[in-house]
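Trainee: what would the 3D arrangement of this be:
(one chain, ligands or ions: 2)
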Amino acid sequence: MKEDQNRFILRGQTLAFSGNPFEVGADDAVDYRQDGAVVVEGGRIIAVGAATDILKQNTGAPVTNYSDALIMAGFIDSHTHYPQLDIIGSCSQGLVDWLQKHTFPCEAQFSDKAIADNSAEFFLDQCFLNGVTTASVYCTVHSQSVMSFFEAATRRNVCMAAGKVCMDSNSSPDLADTAQSAYDQSKALIERWHGKGRNRYAITPRFALTSSPNQLEALGSLWGENPTALMQTHLSETKDEIARVLGQYPTYDSYYQIYESFGLAGEGAIFGHGIYLSDDERRAISESGAAIAHCPTSNAFMGSGIFNLDVTRRAAPDVLISLASDVGAGVSFSMFATMRAAYEAARFHGVVLHPAEAFWMATCAGAKAMRLNDRLGNLTPGMDADLVVLDLKSNPLIARRVAHAENFIDVLFAQIIMADERAIKATYVAGNIVHQRAHT
Ligand code: GUN
Ligand code: ZN
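Mentor: Ligands and ions are numbered 1, 2, ... in the order given. Predicted coordinates for the structure are as follows:
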């Protein structure tokens with residue numbers, strides 16, 4: 001290869017996915033190298049391979065040696081709320097109580113641009129600290145909350161999707177918009193931010209309970225006019241919510257059908273939760289190409305229910321299921337905590353979530369849900385160099401377990417069960433280090 005001054009090499013263990021572990025099986029999906037290397041140039045991955053080969057082909061390029069740490073694609077959090085940082089871990093009697101008591105008053109503060117600016121910066125810091133390099137983010141009803149978020153994301157050259165929350169029903173007066181203002185403001189924000197640099201816009205009706213039919217219709221039209229934007233909303237998170245939604249939309253047979261009928265379904269749609277879907281809804285989501293964002297720490301903390309990955313996949317084998325923190329109903333930015341909770345949720349339903357499946361959901365599936373899988377989510381030449389370097393022995397207990405691991409899958413399992421942000425040795429965004437763990 002030609003020498004280039006911007007080219008550099010990261011050497012360590014490497015993890016990539018050569019396939020979807022749910023389709024090809026975990027063993028065939030994992031592409032693991034014990035002594036691997038990644039070549040980065042101009043913010044992109046240009047080669048991945050055995051360290052000896054890569055070093056021979058790139059003489060002169062500086063090498064960062066991560067020895068036995070693991071280099072992989074950055075984590076992707078496919079459903080989270082940046083304005084809810086200040087209410088994480090707030091006690092409630094369930095979703096609607098939590099929204100009214102904690103969430104709406106917190107989000108009302110975002111009429112103050114300084115609060116939005118500060119939260120956006122803190123949120124992105126937390127993402128990087130946890131190795132999250134891309135997320136699909138809910139802002140608040142205030143357009144300027146989206147401005148603050150994309151301004152912060154742009155300064156950091158990080159690939160984020162975000163959108164103004166639209167809500168014209170059942171919300172507090174200081175948070176209500178209308179069908180028209182939701183359309184107009186979302187349209188203006190799409191024009192300002194979507195596809196600008198690494199930013200992506202997500203049209204964001206909060207959920208059917210807080211949107212009138214007119215508002216859902218307006219947002220469906222907006223998506224039709226801007227088909228490359230994403231669409232994100234909540235779906236079937238609690239039984240109480242479903243009863244209320246169907247009470248508000250009495251002519252519909254199912255919750256999902258409401259979104260579908262207003263043109264809010266299809267590839268690029270990300271439905272948060274989806275715990276209580278019928279098999280017909282699961283199949284319809286799968287056929288449409290939309291994704292379900294599984295938010296297990298949120299579901300457990302809120303007492304919403306336990307998502308059944310196995311039953312969902314049996315009804316709709318090809319349905320795309322990504323992982324998400326759902327901060328601040330979710331209680332952690334850490335994708336280890338999220339994978340751990342997903343593993344536990346699967347166990348409650350009697351099945352095992354294989355570590356390869358969990359890591360795939362936290363990377364490749366998120367990228368696919370966000371229609372970014374040609375650019376992000378895997379350690380593949382041509383993709384953006386959004387990377388995380390994991391210390392696989394980040395505390396004495398993990399180190400002890402890893403010393404007894406029979407294979408690499410055991411090592412991944414130990415991370416899911418025991419790791420936290422101390423395992424994030426470094427986070428790279430477009431080839432730049434954005435977080436490096438302090439020496440301990
Ligand atoms: N449903 C509607 N809004 C929200 C929210 O902010 N968080 C969660 N978890 N569910 C919701
Ligand atoms: Zn949410």
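
Trainee: checking S92 next. Helix, strand or coil?
Mentor: In terms of secondary structure, S92 is coil; the call rests on DSSP: H, G, I helix; E, B strand; the rest coil.

Trainee: phi, psi for it please.
Mentor: Main-chain dihedrals, S92, degrees, to the nearest 10: phi -160, psi 170.

Trainee: got it, and R401?
Mentor: The main-chain torsion angles of R401 are listed as degrees, to the nearest 10 and equal phi -70, psi -40.

Trainee: what's the answer for S169, then?
Mentor: phi -140, psi 150.

Trainee: what distance do you get for it to Q248?
Mentor: Using CB to CB, to the nearest Å, one gets 8 Å for the distance from S169 to Q248. All C-beta atoms are positioned from the backbone trio N, CA, C, and that covers glycine.

Trainee: so which residues on the chain come close to ligand 1?
Mentor: Contact residues, the chain versus ligand 1 (CB under 6 Å from any ligand atom): 81, 95, 99, 103, 206-207, 234, 237, 298, 326, 329.

Trainee: kindly recompute the last result at 8 Å.
Mentor: Taking CB under 8 Å from any ligand atom as the test, the list of the chain residues beside ligand 1 reads 81, 84, 95, 98-99, 103, 138, 165, 206-207, 209-210, 234, 237, 241, 272-273, 295, 298, 302, 304, 326, 328-330.

Trainee: mutual contacts of S169 and Q248, please.
Mentor: L209 (CB atoms under 8 Å, 6 or more residues apart in numbering).

Trainee: restricted to strands, list the residues of the chain next to ligand 1.
Mentor: If you go by DSSP state E, the residues of the chain next to ligand 1 have 81, 138, 165, 234, 272-273 in strands.

Trainee: most neighbours of all those residues, which one?
Mentor: When neighbours are counted by other CB atoms under 10 Å, H273 leads these with 30 neighbours.

Trainee: hey, what's that residue bridged with?
Mentor: Counting by DSSP bridges, H273 forms beta bridges with L235.

Trainee: what pLDDT does it get?
Mentor: Model confidence at H273, given as pLDDT, is 98.

Trainee: correct me, but it touches L235?
Mentor: Yes: taking CB atoms under 8 Å as the contact criterion, H273 and L235 are neighbours in contact, 6.2 Å apart.

Trainee: between those two, what contacts are shared?
Mentor: Residues touching both H273 and L235 (CB under 8 Å, 6+ apart): I292.

Trainee: could you pull out the helices in the stretch 151-300 of the chain for me?
Mentor: Chain-ordered helices for the stretch 151-300 of the chain, with DSSP state H, counting those that start in this stretch as the definition, fall at 179-193, 213-225, 239-248, 255-261, 279-288, 296-302.

Trainee: so what are the sheet partners of the helix or strand that contains V40 and their directions?
Mentor: Using DSSP states H and E, V40 sits in strand 30-41. Using DSSP bridges, the strands paired with strand 30-41 in its sheet are strand 8-17 (antiparallel), strand 44-50 (antiparallel).
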